[in-house]
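Engineer: Take a look and give me a structure for this.
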Amino acid sequence: REARFSEALGALLNELYELHHEFVVQLMAEVGGLSGLAVLWRCSAGLPHILLMTFWRVARHASNGLVMLMLLQHLFTVIMTVDALWRTLRGTIKSALTFHKAANRVGKAVKKARSKEGDS
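Structural biologist: Okay, here's the model as predicted:
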């Protein structure tokens with residue numbers, strides 16, 4: 001039983017190593033001839049395409065459906081985490097802008113009140 005487990009673990013680690021190696025080789029081939037701006041564009045706008053193509057290659061080469069489900073779970077976890085971070089950052093910025101707007105209005109009201117006190 002332990003031998004089967006160690007064989008399955010070895011096969012899983014071997015597939016993950018092959019996936020990592022293929023990913024690094026393709027990443028170097030894609031990024032090797034690009035300028036800094038092109039690399040930034042590929043990483044921001046082309047990232048979904050790169051992830052989907054990498055996932056497709058894994059699906060084509062994987063022999064174990066369980067491995068595919070595990071990778072899919074991690075992929076969705078990463079996507080949801082990035083989405084949550086973006087929503088938190090956007091909410092923080094909106095809140096800061098609201099407080100800034102309120103502070104400006106209070107400042108104007110205080111100046112108006114002081115100018116009325118000075119006139120009377």
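Engineer: tell me which element the residue nearest to the spatial centre of the chain falls in.
Structural biologist: In the chain, the residue lying closest to the centroid (C-alpha atoms, centre = their mean) is residue 82, at 4.2 Å. Element membership of residue 82 [criterion: DSSP states H and E] is helix 65-119.
Engineer: same for that helix, what does it pack against?
Structural biologist: Here helix 65-119 touches helix 47-61, going by 3 or more C-beta pairs under 8 Å, 6 or more residues apart in numbering; DSSP states H and E. Using the backbone N, CA and C atoms, a C-beta is placed for each residue, glycine as well.
Engineer: Run the chain-centre distance for the helix it packs on.
Structural biologist: In terms of C-alpha atoms, centre = their mean, to the nearest Å, the centre of helix 47-61 is set 16 Å apart from its chain centre.
Engineer: State the mean pLDDT of it.
Structural biologist: For helix 47-61, mean pLDDT rounds to 71.
Engineer: Now tell me what touches that helix from outside.
Structural biologist: 15, 18-19, 22-23, 26, 30, 42, 68, 71-72, 75 (C-beta atoms under 8 Å, 6 or more residues apart in numbering).
Engineer: Quickly name whichever of those is closest to residue 117.
Structural biologist: residue 42 (61.0 Å; C-beta to C-beta).
Engineer: follow-up on the earlier one: okay, the angle between the helix holding residue 82 and helix 47-61?
Structural biologist: Relative orientation of helix 65-119 versus helix 47-61 (axes from the mean of the first three to the mean of the last three C-alpha atoms, to 10 degrees): 170 degrees.
Engineer: distance between helix 65-119 and the chain's centre?
Structural biologist: The answer for helix 65-119 is 18 Å, by C-alpha atoms, centre = their mean.
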